[in-house]
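A.B. asks: all I have is the shape, not the residue letters:
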């Protein structure tokens, strides 16, 4: 969708630039008509010229696509298969040529073929490229550029919000190691040896990390006193040892942790969410059941996020098990020596390759897609700003061509350079305000829908929209002022002669 918007923006910019160029060369076209050229001849001349430009631009675009696609794949960390890349490049090129050809080739040809040989002596209203169409191009550029810039800001803020969100547990300096199940008898020895190493702080064995607990860990048909018929009995269940909550520093609200004893196999620790669902005033000591097995609640921990933040917190309980095959080790500050200590113990008991991952890297992986999207949007936003600048050059140049005589007369009558610059930029400011108004509603609606996919999200504050608009306004004002200043400084005698 963004690519199509940019393609449309590029087409409009081309029409703007060509129209400004053709108006400037209208005298040449008039001479051709005086010398016998028909409208069909002029149409064919402009059409052939535009097709040649389009053909050369298409070749350059295909070459640049082949070059920059590698950079794009590197930036967003995706791998596009060669055959799909070729197919998409060819289909994209053909579609682009057709769209741009229809919009930006035929239009200038039709416009210029209808020019009168005495166009320079006519009023500006005789031009086919009327002010309304020029303003429509200007407003459309502001809408696209402001929208893309604001969308980029919102995605960046949301991604940053997710990356810095307090998940409710510690993820720093914790290493996860998968242990083969056939070596369960070695877990106690590995635990004791690691804890004796000064580079190791804590060790735990559990079924899964708290980063992204999948639906595989949902257990159905839980029962308790006071259960309503319509209540859900699906609860996430993570088997852990007595060190798991300490390693991840998940805080207790009440009750106690597991003890390293078999008697705790019929005990559970629940989160706040499940405590609310159960409806007990004080859940400590209460019993829940699944099938014929009874479990006593011995603790309640504060809610923490064990899934992507696009999901709300679900009911969860921990059961005790000392022989799970995922080991979580908290390392002290010396990371390299800590990893070496873990590897030495692993190699001592297993004959399989040693591999590990850091918990904080796993968390970053949860939001990799959002990061890729934000980076891609930034790239497209920069491209759209560049295209908008090119389009503005065309629009401002065309506007200055129309007002060269007016500028000269105003300078002769005593107008200052500042007054002339304000006059020339007035239409641009009007177009900006209209574009900002329309862009605001488009951005608000689309990003509100996008943010609904996240249970935890930023609020769309007014300053985000203002910042996106100010960025575009600053770039536009600098460009417009520079071109207007050049026109305002022109000798008024030369301006009046040229017309």
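C.D. replies: Noted; the coordinates are in hand. Bear in mind that the values here come from a model prediction, so they are computed numbers and not experimental data.
A.B. asks: pull out the buried residues from the lengthiest helix in the chain.
C.D. replies: If you go by DSSP state H, the chain has its longest helix at helix 39-76. Neighbour-count burial for helix 39-76 flags 42-43, 45-47, 50, 54, 58, 61, 76 (criterion: 16 or more other CB atoms under 10 Å). C-betas here are computed from N, CA, C, even on glycine.
A.B. asks: farthest-apart pair in those, please.
C.D. replies: 42 and 76 (46.2 Å; CB to CB).
A.B. asks: mind listing what residue 298 touches?
C.D. replies: 255-256, 258, 264, 267-269, 284-285 (CB atoms under 8 Å, 6 or more residues apart in numbering).
A.B. asks: out of those, who has the most neighbours?
C.D. replies: Tallying neighbours with other CB atoms under 10 Å puts residue 269 at the head of the contacts of residue 298, with 26 neighbours.
A.B. asks: which ones are touching residue 250?
C.D. replies: Applying CB under 8 Å, 6+ apart, the residues contacting residue 250 are 168-169, 210, 301-302, 304.
A.B. asks: which two of those residues have the greatest separation?
C.D. replies: Spatial extent of the contacts of residue 250 (CB to CB) is set by the pair 210 and 302 at 12.4 Å.
A.B. asks: higher neighbour count, these two?
C.D. replies: The residue with more neighbours, out of residue 210 and residue 302, is residue 210; 27 against 12, by other CB under 10 Å.
A.B. asks: quick one: the closest residue to the more buried one other than its chain neighbours and residue 436, what's the gap?
C.D. replies: In space, residue 210 comes closest to residue 306 once its chain neighbours are excluded; the distance is 4.7 Å by CB to CB, 6 or more residues apart in numbering. Separation of residue 306 from residue 436 (CB to CB, to the nearest Å): 42 Å.
A.B. asks: over to residue 298?
C.D. replies: 59 Å.
A.B. asks: contacts only, for the residue most central in space within the chain.
C.D. replies: Centroid-nearest residue in the chain, with CA atoms, centre = their mean: residue 374, separated by 2.3 Å. Counting by CB under 8 Å, 6+ apart, residue 374 touches 152, 155-156, 159.
A.B. asks: of all those residues, which comes closest to residue 406?
C.D. replies: Closest approach to residue 406 among the contacts of residue 374 (CB to CB): residue 152, at 38.5 Å.
A.B. asks: the closest one reaches residue 377, doesn't it?
C.D. replies: Yes - with contact defined as CB atoms under 8 Å, residue 152 counts as touching residue 377 (4.8 Å).
A.B. asks: what mean pLDDT does stretch 451-467 have?
C.D. replies: For stretch 451-467, mean pLDDT rounds to 89.
A.B. asks: do the same with stretch 363-371
C.D. replies: 79.
A.B. asks: return the set of buried residues in it.
C.D. replies: In stretch 363-371, counting by 16+ other CB under 10 Å, buried: 363, 366-367, 370-371.
A.B. asks: again, but for stretch 333-344
C.D. replies: Applying a neighbour-count criterion of 16+ other CB under 10 Å, one finds 338-339, 341-342 buried in stretch 333-344.
A.B. asks: will you turn these into a markdown table that also has distance to residue 38?
C.D. replies: Conversion of the buried residues of stretch 333-344 to a markdown table gives the following (distance: CB to CB, whole Å):
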| residue | distance to residue 38 |
| --- | --- |
| 338 | 85 |
| 339 | 81 |
| 341 | 89 |
| 342 | 85 |
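A.B. asks: can you tell me which of the residues you listed is closest to residue 477?
C.D. replies: Residue 477 has its nearest neighbour among these in residue 339, at 54.1 Å by CB to CB.
A.B. asks: check the secondary structure at the closest one for me.
C.D. replies: helix (DSSP: H, G, I helix; E, B strand; the rest coil).
A.B. asks: wouldn't it be in contact with residue 175 here?
C.D. replies: Yes - using CB under 8 Å, residue 339 is in contact with residue 175, at 6.8 Å.
A.B. asks: still on that earlier bit, quick check: the residue nearest to residue 210 touching residue 213?
C.D. replies: Yes - the criterion here is CB under 8 Å, and residue 306 meets it with residue 213 at 4.4 Å.
A.B. asks: what about the two, which has more around it?
C.D. replies: Between residue 306 and residue 213, residue 306 has the larger neighbour count (other CB under 10 Å), namely 24 against 19.
A.B. asks: check contacts around that one.
C.D. replies: Contacts of residue 306 by CB under 8 Å, 6+ apart are 210-213, 236, 238, 313-314, 316.
A.B. asks: ok, residue 317 touching residue 273?
C.D. replies: No - counting by CB under 8 Å, residue 317 does not reach residue 273; the two are 10.2 Å apart.
A.B. asks: the more surrounded of the two?
C.D. replies: Each of residue 317 and residue 273 has its neighbours counted (other CB under 10 Å); residue 317 has more, 21 against 16.
A.B. asks: any idea what that one is bridged to?
C.D. replies: Per DSSP bridges, the residues bridged to residue 317 are residue 237, residue 270.
A.B. asks: who are the neighbours in contact with it?
C.D. replies: Residue 317 neighbours (CB under 8 Å, 6+ apart): 235-238, 268-271, 274, 295.
A.B. asks: mind running it again at 7 Å?
C.D. replies: Applying CB atoms under 7 Å, 6 or more residues apart in numbering, we find residue 317 in contact with 235, 237, 268-270, 274.
A.B. asks: in a markdown table, list the residues you listed along with distance to residue 327.
C.D. replies: Below are the contacts of residue 317 laid out as a markdown table (distance: CB to CB, whole Å):
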| residue | distance to residue 327 |
| --- | --- |
| 235 | 25 |
| 237 | 20 |
| 268 | 22 |
| 269 | 20 |
| 270 | 25 |
| 274 | 27 |
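A.B. asks: and the residues you listed, which is closest to residue 417?
C.D. replies: For those, the minimum distance to residue 417 (CB to CB) is 72.3 Å, reached by residue 274.
A.B. asks: three-state assignment of the spatially closest residue to residue 168 that is not a sequence neighbour?
C.D. replies: Leaving aside its chain neighbours, residue 168 sits nearest to residue 304 (2.9 Å; criterion: CB to CB, 6+ apart). Following three-state DSSP, residue 304 is assigned to coil.
A.B. asks: phi and psi next, for residue 304.
C.D. replies: phi -140, psi 160 (degrees, to the nearest 10).
A.B. asks: that older thread, need the buried residues of stretch 333-344 in TSV with pLDDT and distance to residue 189, can you?
C.D. replies: Below are the buried residues of stretch 333-344 laid out as TSV (pLDDT from 0 to 100; distance: CB to CB, whole Å):
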residue	pLDDT	distance to residue 189
338	91	18
339	93	19
341	92	14
342	93	14
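A.B. asks: kindly provide the distance from residue 420 to residue 401.
C.D. replies: 15 Å.
A.B. asks: much appreciated, bye for now.
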